[in-house]
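In: got a predicted structure here, sequence first:
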Amino acid sequence: METRTYWVLPSMRLRLEDQTRRDGLAAASVPSSSESGMGAADLTWFGSGSFTEAVQRLKLPNVKFSPHYLWDATRHSEPTVNAATVQIPPSRLPAAIAHFAEVTGMPRLPSDSWPVVYQTLESYAALHVFNFTEASKWSRDQATEKGFGIPRAAFTFVIRACQNEGTKLNADPSPEATAIARALFNSVLKRAELAGLEINETEKRELADWIHHQDQGF
């Protein structure tokens, strides 16, 4: 396998490998701890503001960018992203979940998307120094690469829930997926109660089941 190594900035490398490979921006922008140095590790990207802008400043030949990928235009066609952004129409949600979404602004994601949100944010918190803007963007891109069309706003909603519930993504140790799910559950309940919604135990359980909050000791 042919490997070409470009020195992007001191202590950070971008590898453009054989003709079958395209690099996802989210994956390519995570240098190892031995390579990162200051600037990459703290997500300032040596004053460029983002990984993409740092690479663009190098003016590497034939490198092209899309919202989720970078590739060598002489060796690859533009990648396609198959994941479509999915939010369920209120009419197709269970009645209790539709009501929670309407009152609290909770994203109308399919039930099976919620574990992806928690796991992706858990990974972000473990790998990065927390930055609110980067956290939602990185997580959205990671989910897209896995085939889940989860909008960035959904990650933003959960990150704010974590902040409100004291489950900080910059905590040490960083929170696990179960703690992030618990924070979302508690935050949605509080938002609903503040809006005057009367919630019974059945509705709490239905919410917990929908968003995959496993610790149901209400």
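Out: Yep, it's here.
In: Arg152 contacts Ser136, correct?
Out: Yes. Taking C-beta atoms under 8 Å as the definition, Arg152 is a contact partner of Ser136 at 5.0 Å. (Each C-beta comes from the backbone N, C-alpha and C, glycine too.)
In: who has more neighbours out of the two?
Out: Using other C-beta atoms under 10 Å, the more surrounded residue of Arg152 and Ser136 is Ser136, with 22 against 18.
In: number of residues surrounding Ala177?
Out: 20.
In: so how far is Ile180 from the residue nearest to it when sequence neighbours are not counted?
Out: Leaving out its chain neighbours, the residue that sits closest to Ala177 by C-beta to C-beta, 6 or more residues apart in numbering is Tyr118, at 3.7 Å. Distance check for Tyr118 against Ile180: by C-beta to C-beta, to the nearest Å, it reads 5 Å.
In: neighbour-wise, which of the two wins?
Out: More crowded of Tyr118 and Ile180, by other C-beta under 10 Å: Ile180, with 27 against 23.
In: ok, back up a step: next, show the common contact partners of Tyr118 and Ile180.
Out: Shared contacts of Tyr118 and Ile180, defined by C-beta atoms under 8 Å, 6 or more residues apart in numbering, are found at Val158.
In: the residue nearest to Ala177 and Gln214 touch, don't they?
Out: No. Using C-beta under 8 Å, Tyr118 makes no contact with Gln214, being 10.4 Å away.
In: need the overlap of contacts for the two.
Out: By the contact definition C-beta under 8 Å, 6+ apart, Tyr118 and Gln214 are jointly contacted by 178, 181.
In: residues contacting Ala135?
Out: 121, 124-125, 128, 155, 159, 169.
In: switch the cut-off to 7 Å
Out: For Ala135, the contact set (C-beta atoms under 7 Å, 6 or more residues apart in numbering) comprises 124, 159, 169.
In: what segments of the chain are helices?
Out: Counting by DSSP state H, the segments of the chain that form helices are 25-28, 33-36, 51-56, 95-104, 114-127, 132-145, 152-164, 177-194, 201-210.
In: figure out which of the ones you listed is closest to Arg75.
Out: Taking C-beta to C-beta, helix 25-28 is the member of the helices of the chain nearest to Arg75, at 15.7 Å.
In: same question for that closest one, mean pLDDT?
Out: Averaging pLDDT along helix 25-28 gives 48.
In: and stretch 133-153, by the same measure?
Out: 93.
In: before we move on, back to that, by mean pLDDT, show me the worst of the helices of the chain.
Out: helix 33-36 (a mean of 42).
In: can I see the domain layout of this protein?
Out: The record's domain split for the chain, according to automatic domain parsing, is 4-72, 90-210.
In: one step back: closest to Val63 out of the helices of the chain?
Out: helix 51-56 (6.9 Å).
In: would you mind finding the most buried of the domains of the chain?
Out: Between the domains of the chain, domain 90-210 has the highest mean count of neighbours, a mean of 18, where neighbours are mean count of other C-beta atoms under 10 Å.
In: now the end-to-end length of that domain.
Out: Terminal residues of domain 90-210 lie 14 Å apart, using C-alpha to C-alpha, to the nearest Å.
In: quick one, what contacts the residue lying closest to Glu122 once chain neighbours are set aside?
Out: Nearest non-adjacent residue to Glu122, counting by C-beta to C-beta, 6+ apart: Ala177, 4.6 Å away. Applying C-beta under 7 Å, 6+ apart, we find Ala177 in contact with 118-119, 122.
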